[in-house]
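Q: quick one, structure for this:
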Amino acid sequence: TVASMRKSSHCPQIVIFMYDITSSESFHSVATWVNTFHLNRKSSTPTYVALVANKCDMEHQRVVTLERHGKLAQSLQLHGFPVSARTGDNVSVPDLLISFHFSMLSDETFY
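A: Numbering: from 1, shown residues only. Coordinates of the predicted model:
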């Protein structure tokens, strides 16, 4: 949460911003979450930051298009992933990519 980001005394190595594709409100909150994270960073330690679109199993209730997701991820310089926590679809993909990026220490994927 935003409050816990402000209170945190450490700098995480991985931050995942997850929103609900069936909720415009959660999608519109992402930019605030990312900005709050950057404003409250207490270290220059590289951090992998990802944007995860959850509830992809609920396509019939989707209000956030893949195009909007992609544009937001690009504008915030995040890697974006669609997942379904309920069904497990693509849940391992972000984990694998995060591990890969940590091993490569690519400057363009870290903040």
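Q: assign a three-state SS to residue 70, would you?
A: Residue 70 falls in the helix class when you classify it by DSSP: H, G, I helix; E, B strand; the rest coil.
Q: so what's it up against?
A: If you count contacts by CB atoms under 8 Å, 6 or more residues apart in numbering, residue 70 has them with residue 80. Where you see a C-beta, it was placed from the backbone N, CA and C, and this is true even at glycine.
Q: could you check how far it is from residue 88?
A: The gap separating residue 70 from residue 88 is 23 Å, by CB to CB, to the nearest Å.
Q: in the helix or strand hosting residue 28, what counts as buried?
A: Secondary-structure element containing residue 28, defined by DSSP states H and E: helix 24-39. Neighbour counts using 16 or more other CB atoms under 10 Å place 26-27, 30, 33-34, 37 of helix 24-39 among the buried residues.
Q: ok, stretch 60-71 next?
A: Judged by neighbour count using 16+ other CB under 10 Å, the buried positions of stretch 60-71 are 64, 69.
Q: ends of that stretch, what's the gap?
A: 21 Å (CA to CA, to the nearest Å).
Q: my guess is residue 80 contacts residue 56, does it?
A: No. In this structure, residue 80 is not within contact of residue 56 by CB atoms under 8 Å, at 11.7 Å.
Q: show me the shaky parts of this structure.
A: Per-residue confidence for the chain (pLDDT under 70) gives these ranges: 1-12, 93-111.
Q: secondary structure class for the spatially most central residue of it?
A: Relative to the mean C-alpha position of the chain, the nearest C-alpha, by CA atoms, centre = their mean, is the one of residue 51, at 2.3 Å. Judged by three-state DSSP, the three-state class of residue 51 is strand.
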